[in-house]
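Colleague: dropping the sequence and predicted coords here.
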Amino acid sequence: MYEAERRSRLLVVDDSALNISVLGEALVGDYDLTVAKSGEEALEILGGDNLPDLILLDIIMPGMDGFDVLRHIKEDDATKDIPVIFITAMTGEDDEAHGLAMGAVDYITKPFSIPIVKARVRTHVQLKRKSDMLQRLSDMDALTGIPNRRRFDEWYDKEWRRAMREGAAVSVIMMDIDYFKKYNDNYGHGEGDICLRTVAQALRGCLNRSTDMVARYGGEEFIAMLPATEGPGAAVMAETMRKAVLGLQLPHEFSECSEYVTISVGVATVMPAMGMSRDELVRTADEMLYKAKEAGRNRVERTILG
């Protein structure tokens, strides 16, 4: 679902059932609400995949108070950009200044004024949507419309750390369009750009999980990451991608391995362990790609580390 089509998600963190009821009644018609009744519960929710677009956070709670929760939110790369509005009965300027200095975007004081709550939530949700849109644009490769290398590196780092925590395998697929320089030299750079876009979309169309990613790595080279995927599954995906590109039947009369545009593919899989560099997996996939080229191109070569 496109971001513009889905309802924004709010996380309400408050130990008072009355406050939750009041805020829920005011906001449930416009947003998808999740509720946490403690700071600890809020952080558990924020450790999941469906992150909120905005957090309404009470300050005074038993156990972990709102300031502690906000500190944890800002220290985590996955949540640090989620706007937080403090909801509190504390009206002192020093308290407000402290919360804003920590990274809260606004304060709403109790007892609630429903029109003010709605207006401030709407304002910060709209700002978050605009910020997210700009971020997505900066994450995309302008030519092909798929993620760029910078976005891949961020996603890869996140999924590598997740695999370390969960003891899951990670697979990387490196791909290169065969004899692309000859394609560009003979058909022209305009046709070369069309070829890159078409191949990129074909590769993206092979993915079937939201955690999988394919990105343009540079020039005519693409890279895919498959979290929680062991060797056999990665091999199937790699072959699916190779066949998808071949199936486009883009003529390439200057190729030395086929009459159509093809890709060579290298696959590497590892079970991440402490002390292991995540760069090693990408380097190994690149070595497998080189092996595929040496073996005649338009083929898949793979290996499992460790």
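Modeller: Happy to help now that I have it.
Colleague: and stretch 84-97, average pLDDT?
Modeller: Averaged across stretch 84-97, the pLDDT comes to 77.
Colleague: okay, how far is it across that stretch, tip to tip?
Modeller: One end of stretch 84-97 sits 14 Å from the other (CA to CA, to the nearest Å).
Colleague: what's the answer for stretch 179-198, then?
Modeller: 16 Å.
Colleague: again, but for stretch 88-108
Modeller: First-to-last residue span, stretch 88-108, CA to CA: 7 Å.
Colleague: for that stretch, buried residues please.
Modeller: 88, 90, 96, 99, 104, 105, 106, 107, 108 (16 or more other CB atoms under 10 Å). C-beta here means a position set from N, CA and C on the backbone, and glycine is covered the same way.
Colleague: which residues does the residue nearest to residue 239 when sequence neighbours are not counted contact?
Modeller: Counting by CB to CB, 6 or more residues apart in numbering, residue 239 lies nearest to residue 300, which is 5.6 Å off, once chain neighbours are set aside. Listed by CB atoms under 8 Å, 6 or more residues apart in numbering, the contact partners of residue 300 are 235, 238, 239, 242, 265, 266, 267, 292.
Colleague: just put those residues in JSON lines and tack on pLDDT.
Modeller: Formatted as JSON lines, those follow (pLDDT from 0 to 100):
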{"residue": "235", "pLDDT": "97"}
{"residue": "238", "pLDDT": "98"}
{"residue": "239", "pLDDT": "98"}
{"residue": "242", "pLDDT": "98"}
{"residue": "265", "pLDDT": "98"}
{"residue": "266", "pLDDT": "98"}
{"residue": "267", "pLDDT": "98"}
{"residue": "292", "pLDDT": "98"}
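Colleague: which of those residues fall in strands?
Modeller: 265, 266, 267 (DSSP state E).
Colleague: closest to residue 171 among these?
Modeller: residue 267 (6.4 Å; CB to CB).
Colleague: burial of the closest one, as a residue count?
Modeller: 29 (other CB atoms under 10 Å).
Colleague: the one 4 residues further on now?
Modeller: Neighbouring residues of residue 271 were enumerated by other CB under 10 Å; the total is 15.
Colleague: got phi/psi on residue 299?
Modeller: phi -150, psi 170 (degrees, to the nearest 10).
Colleague: mark which of the buried residues of stretch 88-108 are part of strands, please.
Modeller: 88, 106, 107, 108.
Colleague: how close does residue 116 get to residue 104?
Modeller: 16 Å (CB to CB, to the nearest Å).
Colleague: wasn't residue 253 part of a helix?
Modeller: No - read with DSSP: H, G, I helix; E, B strand; the rest coil, residue 253 is coil and lies in no helix.
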